[in-house]
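K.L.:
Quick one: sequence plus predicted model below, questions after.
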Amino acid sequence: MDVTQPARFSGDGQLVNPDSHRITGLTLNGKPVKDDQPFILATNNYRAFGGGNFAGTGEAFVAFASPDENRQILADYISRTTEEKGQVVPGANNNWSIAPINSKVDLSVVVETAPGKKAETFIQKNSVYKMEKIGTDKEGFAVYQIDLSEKRH
């Protein structure tokens, strides 16, 4: 995802920059996705039926409507999996990332996260970009600065 590109659509869903593309190198099962390749996207009723003015939404685009709420489906999955397996083991598959940003302008990108050794160890082991702890905010969260100019691995 190249966040340096201008928005393709306006806040009300109108195409404003037809040549702008923030998503780059999109693949499915190792093969490039074609512009006309169909997909079914799971989302909530608000978004599916046009809430938020996202392009490609609205009743004409809905393939399947369900009365079930996303949060209830997720809660049911967690409950069922916990009963069957004793726990839910979430994991990230790192299937997307922000494209490196090389800019003459000094960019300060920071993130707040849980303080403590567990979060620090996770960041050191898993961060895609270099992250340096620069302090703690007034609420006690750890503050890290992210260098988006080059991926770590």
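P.N.:
Noted; the coordinates are in hand.

K.L.:
Output the contacting helices and strands for the lengthiest strand in the chain.
P.N.:
Criterion DSSP state E: the longest strand present in the chain is strand 142-151. If contacts are counted by 3 or more C-beta pairs under 8 Å, 6 or more residues apart in numbering; DSSP states H and E, strand 142-151 sits against strand 109-113, helix 117-126, strand 129-136. Just so you know, the C-beta spots here come from the backbone N, C-alpha and C atoms, and that holds for glycine as well.

K.L.:
rerun that using 7 Å as the cut-off
P.N.:
Applying 3 or more C-beta pairs under 7 Å, 6 or more residues apart in numbering; DSSP states H and E, we find strand 142-151 packed against strand 109-113, strand 129-136.

K.L.:
can you tell which of those is closest to residue 24?
P.N.:
strand 129-136 (16.7 Å; C-beta to C-beta).

K.L.:
Could you tell me which strands that closest one is paired with, and in which direction each runs?
P.N.:
The pairing partners recorded for strand 129-136 under DSSP bridges are strand 142-151 (antiparallel).

K.L.:
model confidence over the partner strand, on average?
P.N.:
Strand 142-151 shows a mean pLDDT of 91.

K.L.:
and the angle from it to strand 109-113?
P.N.:
140 degrees (axes from the mean of the first three to the mean of the last three C-alpha atoms, to 10 degrees).

K.L.:
What is the neighbour count of residue 69?
P.N.:
11 (other C-beta atoms under 10 Å).

K.L.:
and the nearest residue to it once chain neighbours are set aside, what pLDDT?
P.N.:
Spatial nearest neighbour of residue 69, excluding adjacent residues (C-beta to C-beta, 6 or more residues apart in numbering): residue 44 at 7.3 Å. Residue 44 is assigned 90 on the pLDDT scale.

K.L.:
was I right about residue 98 contacting residue 5?
P.N.:
No: taking contacts as C-beta atoms under 7 Å, residue 98 lies outside contact range of residue 5: 11.6 Å.
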